[in-house]
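Undergrad: structure, please.
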Amino acid sequence: METVYEFTLPKGYMDASGGIHRNGKMRLATAGDEISATHDPRVMSNPSYLTVVVLSKVITELEGVTGVTASLIEQLFTADLAYLQDMYQRINDIEPPVMRTVCPDCGREIEVPLNFTAEG
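TA: Predicted coordinates:
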């Protein structure tokens, strides 16, 4: 079973000297990663910070960077953050929620994926 996955950020993390870092590795999340992240004071005061803390725990490497921290994740471009969130969901097999309903055309019971984004 594969537990560590390589990635290439679409934009890349720009360090203080202007260097761009795009290649890295992310490992599968553990229950402990998510539980400990919910106890982080930054998450307790701002629940939307959960993503930042969890990603800082599961990203094990970013080329040319010593240690991935929540502060580093905060500095990523939004395209890179979205990319990492999607990757996290895919490698951890997080299924989108579904709703069971009845097809109005055929009357059969079906599952419809729920989309909580503004686009959907």
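
Undergrad: CA atoms for contacts and neighbours, from now on please.
TA: Fine.

Undergrad: correct me, but Leu9 touches Met26?
TA: No: contact status for Leu9 versus Met26: not in contact, 11.8 Å apart, counting by Cα atoms under 8 Å.

Undergrad: so where do the strands sit in this protein?
TA: For the chain, the strands defined by DSSP state E occupy 4-14, 20-27, 59-62, 98-102, 109-113.

Undergrad: out of those strands, indicate the one that is most buried.
TA: Mean neighbours per residue, mean count of other Cα atoms under 10 Å, is largest over the strands of the chain for strand 59-62, with a mean of 20.

Undergrad: what sits against the closest residue to Met14 other than its chain neighbours?
TA: In space, Met14 comes closest to Ile20 once its chain neighbours are excluded; the distance is 4.6 Å by Cα to Cα, 6 or more residues apart in numbering. Counting by Cα atoms under 8 Å, 6 or more residues apart in numbering, Ile20 touches 12-14.

Undergrad: between those, which sits nearest Val112?
TA: Among the contacts of Ile20, Gly12 lies closest to Val112 (Cα to Cα), at 35.2 Å.

Undergrad: quick check, pLDDT for the residue nearest to that closest one when sequence neighbours are not counted.
TA: Distances taken as Cα to Cα, 6+ apart place Arg22 nearest to Gly12, at 4.3 Å, with adjacent residues excluded. With respect to pLDDT, Arg22 scores 97.

Undergrad: gap between the residue nearest the centre of the chain and Ala79?
TA: For the chain, the residue nearest the mean C-alpha position is Gln85 (2.3 Å; Cα atoms, centre = their mean). Gln85 sits 10 Å away from Ala79, going by Cα to Cα, to the nearest Å.
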